[in-house]
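Peer 1: predicted model and sequence follow; I will ask about them next.
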Amino acid sequence: MTLLKISKQAKRELAFAGSLFLLGVFVAWDTSKMQIPQGNSIVSPQTFPYMVAAFTSLVALGLIFNLLRGNHGTPDGDSPGDPFTPLNLKTMLIVASAIILHVILLEIAGYVVAAALCFWGVAYGFGSRKYLKDAGISVVFAVIVYFAFSKGLNINLPSGFFEGILANG
Amino acid sequence: MGSNFSMLMDGFQIAFTPTNLMFGLLGTFLGTLVGVLPGIGPALAIGLLLPITLTVNPTSALIMFAAVFYGAMYGGSTTSILLNTPGESGSVITALEGNKMAKAGRAGAALATAAFGSFVAGTIATLLLAFGAPAMAELALTIQPAGYLALIILAFATVGTLLGTSRIRGLVALSVGLVIGLIGADLQSGALRLTFGNLNAIDGIETVTVIVAIFALGEALYLASRHQLQVATVLTINGRAWMTRSDFKRSWKPWLRGTAIGFPLGVIPAGGSEVPTFLSYGVEKALAKNKDEFGKGAIEGVAGPEAANNANAAGVLVPMLALGLPTSATAAVVLVAFQSFNIQPGPMLFQTNPEIVWGLIASLFIGNFLLLVLNLPLIRFWVMLLKIPRQYLYAGITTFALLGAYALNNSTFDLQVALAIGVIGFLFRRFGVPITPLIIGVILGPLAELYFKRALQISQGDWNILIAGGFPKVIYVILILVIIGPLVWNLKKKFAVDK
């Protein structure tokens, strides 16, 4: 039993399993608050969600039990027993920020700006430090995708700032 | 059978129109292109290419998908052999021996046996699909809702517990998928679930968004968190990608055995391409005359699993088309492609949309052939793709995935969902939870509820209907044997050891 020596990764994994248990509880709570429209259906729309909620909490408990017995998950790409690769939060947050920026900017600034910034940000997050070259590639990528989709496939993407230039170009 | 043959010929006529042939060609090209890119498996490849078909007519679009489907698998094996980074679980075994062969300067032979093996297996398996799927659909017409529910539960159990190394983690993934599947309005009563008053959530979460986000964004976040950027070495090919007579002699039996293992395990929900490729590898190793060559680059170890992988993928299409039940991530995306044209795969598909389904099957043959012709001669072009710097590759995948999520409904809400799913994908990878059961949960969860309700409506609320009748009973017995049997077996062994 490795109960006494809980590593950082094990703590995080326990927190993950615990939040899954809470997810099940939450689904049950949401289901209990469900407003059921009038009508006489034989099976309540609550039955299945309750089953899912119970299942979710149950397997989360199973996972917690599994973890307490010392059976930890093997991160993707590692082999069982490999030392844990430390978490590099900084690079991960850069990539996450690039994605969030894309989500926020898309309808405000248009596709080309959002996609180019996202591309540049992810490349930066993955360690690229050739700022100007990356900027060039990002813009070219975004412009090509924009035109291929909006002109070639008739899929409308927000044009943003460039409305006048790109739409009529 | 006779009428199936003529239907298939009609299918070829549909597929052989210049427009559709062009879409097939484009699909093989794009599929291979995206499949070759490291880290992109067939499911993500099709998911990323889904927006492209939004403006194309259903038949052409599905023909293109069929081509992308096989193309992505061909491309994936190239990456496994030359780069040793399998894009999906089915290519893990290929990488095992294939990469060793490439290191020993036999990359050409490994690529050739993979390509020919995929062609042989794909052709045989598609033939079996063409005759098996309509037969299964006919049988399926008699299956009651309770029987369908039993089948779905069996699929849940096999996909959840057979994938990956940990049963409990597979079930955890399934449960999260089921929760995501709950989001939105209940189909029958209209009651809202887990929508938090958000109007966008009423229609539920798009399956494509889930697939694209969990594979692309989840992977990008995960790799960034590990910051592993050492460039993998792309192995070079000496001479042509071709095989000698003796390579061929050693390969043809593994191809056929791989097909025989892969196809049936795809038809029954046995949990993805991992099991059949492993099995095929095991069989080839056991039958090989020179066992010590295994682990150092034995051609049989590439030929068998590659054939098993392709045959398995075609086999998975049988329940997908005939029952509407996808049991792999890739089949799930193909199902979504059908649904985006308001076509529901299932027993009625062969009657309601014969031109589409037979056109699709015919194009699987054509796509498979085109791939064989295109793939090996173009190998140097594909290899160039492997040299794209990692930072640009993941920047491109991430940006393109976001585009795919947005273009489906032109909605920012879908992008927010994609971000959330991406984080889930990251956590799953970090804690060793498999991805596929989640996707199966998302797509089959609502279907399970539908059949559950239908069954109880038929019986006026009597729960006994769920296990009444021969068919559900048979399925549940299989379930008990397949899932609980090994558990008991393990426990017994454990106790025996403890004593």
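Peer 2: Received, thanks.
Peer 1: B:Arg167 against B:Thr161, yeah?
Peer 2: Yes - at 4.5 Å, B:Arg167 and B:Thr161 qualify as touching, with contact defined as C-beta atoms under 8 Å. Quick note: C-beta positions are derived from backbone N, CA and C, even for glycine.
Peer 1: would you indicate which residues of the host helix or strand of A:Trp29 are buried?
Peer 2: A:Trp29 is part of helix A:8-32, with elements assigned from DSSP states H and E. Under the neighbour-count criterion of 16 or more other C-beta atoms under 10 Å in any protein chain shown, helix A:8-32 has A:9-10, A:13-14, A:16-17, A:20-21, A:23-24, A:26-28, A:30-31 buried.
Peer 1: likewise stretch B:51-61?
Peer 2: For stretch B:51-61, by 16+ other C-beta under 10 Å, it's B:51-53, B:56, B:58-61.
Peer 1: where does the stretch 351-499 of chain B dip in pLDDT?
Peer 2: B:486, B:489-499 (pLDDT under 70).
Peer 1: again, only this time at 90
Peer 2: Applying pLDDT under 90 to the stretch 351-499 of chain B flags residues B:351-357, B:359-363, B:366-391, B:404, B:407-411, B:434-436, B:457-471, B:474-475, B:477-499.
Peer 1: can you list the low-confidence ranges for chain A?
Peer 2: A:1-11, A:33-44, A:69-89, A:107, A:127-128, A:147-169.
Peer 1: how is it divided into domains?
Peer 2: The record's domain parsing of chain A by automatic domain parsing lists A:8-68, A:89-168.
Peer 1: among the ones you listed, which is nearest B:Phe116?
Peer 2: domain A:89-168 (34.1 Å; C-beta to C-beta).
Peer 1: and the helices in the stretch 301-450 of chain B?
Peer 2: B:329-339, B:349-352, B:354-375, B:379-386, B:390-407, B:412-430, B:436-458 (DSSP state H, counting those that start in this stretch).
Peer 1: now the ones you listed in TSV, with distance to chain A and mean neighbour count?
Peer 2: What follows is the helices of the stretch 301-450 of chain B, written out as TSV (distance: least, C-beta to the nearest C-beta, whole Å; neighbours: other C-beta atoms under 10 Å in any protein chain shown):
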stretch	distance to chain A	mean neighbour count
helix B:329-339	15	25
helix B:349-352	26	17
helix B:354-375	21	23
helix B:379-386	15	17
helix B:390-407	4	24
helix B:412-430	4	22
helix B:436-458	4	23
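Peer 1: of all those, which one is nearest B:Gly117?
Peer 2: helix B:354-375 (10.5 Å).
Peer 1: for that closest one, name the packing helices and strands.
Peer 2: If you count contacts as 3 or more C-beta pairs under 8 Å, 6 or more residues apart in numbering or on different chains; DSSP states H and E, helix B:354-375 packs onto helix B:2-15, helix B:18-36, helix B:58-83, helix B:107-140.
Peer 1: sorry, back to before: using JSON lines, lay out the domains of chain A together with distance to chain B.
Peer 2: Below are the domains of chain A laid out as JSON lines (distance: least, C-beta to the nearest C-beta, whole Å):
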{"stretch": "domain A:8-68", "distance to chain B": "4"}
{"stretch": "domain A:89-168", "distance to chain B": "4"}
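Peer 1: who touches residue 27 in this structure?
Peer 2: Picked chain A for this. A:49, A:52-53, A:56, B:179, B:182, B:194 (C-beta atoms under 8 Å, 6 or more residues apart in numbering or on different chains).
Peer 1: that's the wrong chain, I meant chain B
Peer 2: B:Gly27 touches B:63-68, B:71, B:367, counting by C-beta under 8 Å, 6+ apart.
Peer 1: now, the most widely separated pair of the residues you listed?
Peer 2: Farthest pair in those, by C-beta to C-beta: B:Ile63 and B:Gly71, 12.3 Å.
Peer 1: mind checking the SS state of the residue of chain A found nearest chain B?
Peer 2: Using C-beta to the nearest C-beta, A:Gly73 is the residue of chain A that sits closest to chain B, at 2.8 Å. Here A:Gly73 takes the coil state, with states given by DSSP: H, G, I helix; E, B strand; the rest coil.
Peer 1: in three-state terms, label the residue sitting nearest the centre point of chain A for me.
Peer 2: In chain A, the residue lying closest to the centroid (C-alpha atoms, centre = their mean) is A:Ala96, at 8.7 Å. Recorded secondary structure, A:Ala96: helix (three-state DSSP).
Peer 1: returning to what we had before: restrict the buried residues of stretch B:51-61 to contacts with chain A.
Peer 2: Filtering the buried residues of stretch B:51-61 for proximity to chain A (criterion: C-beta under 8 Å from any C-beta of the partner chain) leaves B:51-52.
Peer 1: got TSV for the buried residues of stretch B:51-61, with pLDDT too?
Peer 2: As requested, the buried residues of stretch B:51-61 are exported to TSV (pLDDT from 0 to 100):
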residue	pLDDT
B:Pro51	77
B:Ile52	73
B:Thr53	68
B:Val56	81
B:Pro58	84
B:Thr59	83
B:Ser60	86
B:Ala61	85
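Peer 1: any idea which of the buried residues of stretch B:51-61 is closest to B:Gln144?
Peer 2: Nearest member of the buried residues of stretch B:51-61 to B:Gln144, counting by C-beta to C-beta, is B:Pro58, at 29.8 Å.
Peer 1: in space, what's closest to the closest one - neighbours in sequence excluded?
Peer 2: Excluding the flanking residues, the one nearest B:Pro58 by C-beta to C-beta, 6 or more residues apart in numbering or on different chains is B:Phe341, at 4.1 Å.
Peer 1: just checking, that neighbour touches B:Ser60?
Peer 2: No - contact status for B:Phe341 versus B:Ser60: not in contact, 10.8 Å apart, counting by C-beta under 8 Å.
Peer 1: and the gap between the residue most central in space within chain B and B:Gly422?
Peer 2: The centroid of chain B falls nearest to B:Thr330 when counting by C-alpha atoms, centre = their mean (2.8 Å). As judged by C-beta to C-beta, to the nearest Å, B:Thr330 and B:Gly422 stand 20 Å apart.
Peer 1: can you give me the neighbour number for B:Thr119?
Peer 2: You called it Thr, but residue B:119 is Phe. 21 (other C-beta atoms under 10 Å in any protein chain shown).
Peer 1: what confidence value was assigned to it?
Peer 2: Note on B:Phe119: pLDDT of 93.
Peer 1: so who does it touch?
Peer 2: B:Phe119 touches B:368-369, B:371-372, counting by C-beta under 8 Å, 6+ apart.
Peer 1: distance check, it against B:Thr158.
Peer 2: In terms of C-beta to C-beta, B:Phe119 sits 29 Å off from B:Thr158.
Peer 1: with B:Leu48 instead?
Peer 2: From B:Leu48 over to B:Thr158 (counting by C-beta to C-beta), the distance is 27 Å.
Peer 1: please apply the same query to A:Ile108.
Peer 2: Taking C-beta to C-beta, one finds A:Ile108 at 46 Å from B:Thr158.
Peer 1: more neighbours: these two, which one.
Peer 2: B:Thr158 (24 against 12).
Peer 1: so what's the residue count around the residue in chain B that chain A sits nearest to?
Peer 2: Nearest to chain A, among the residues of chain B, is B:Gly432, at 2.8 Å (C-beta to the nearest C-beta). Look at B:Gly432: counted by other C-beta under 10 Å, it has 18 neighbours.
Peer 1: touching, it and A:Pro75? I think so.
Peer 2: Yes - with contact defined as C-beta under 8 Å, B:Gly432 counts as touching A:Pro75 (5.8 Å).
Peer 1: chain A contacts on the stretch 1-150 of chain B?
Peer 2: So the stretch 1-150 of chain B meets chain A at B:51-52, B:54-55 (C-beta under 8 Å from any C-beta).
Peer 1: could those go into JSON lines alongside distance to B:Ile475?
Peer 2: JSON lines is the format used below for the residues of the stretch 1-150 of chain B next to chain A (distance: C-beta to C-beta, whole Å):
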{"residue": "B:Pro51", "distance to B:Ile475": "37"}
{"residue": "B:Ile52", "distance to B:Ile475": "38"}
{"residue": "B:Leu54", "distance to B:Ile475": "37"}
{"residue": "B:Thr55", "distance to B:Ile475": "41"}
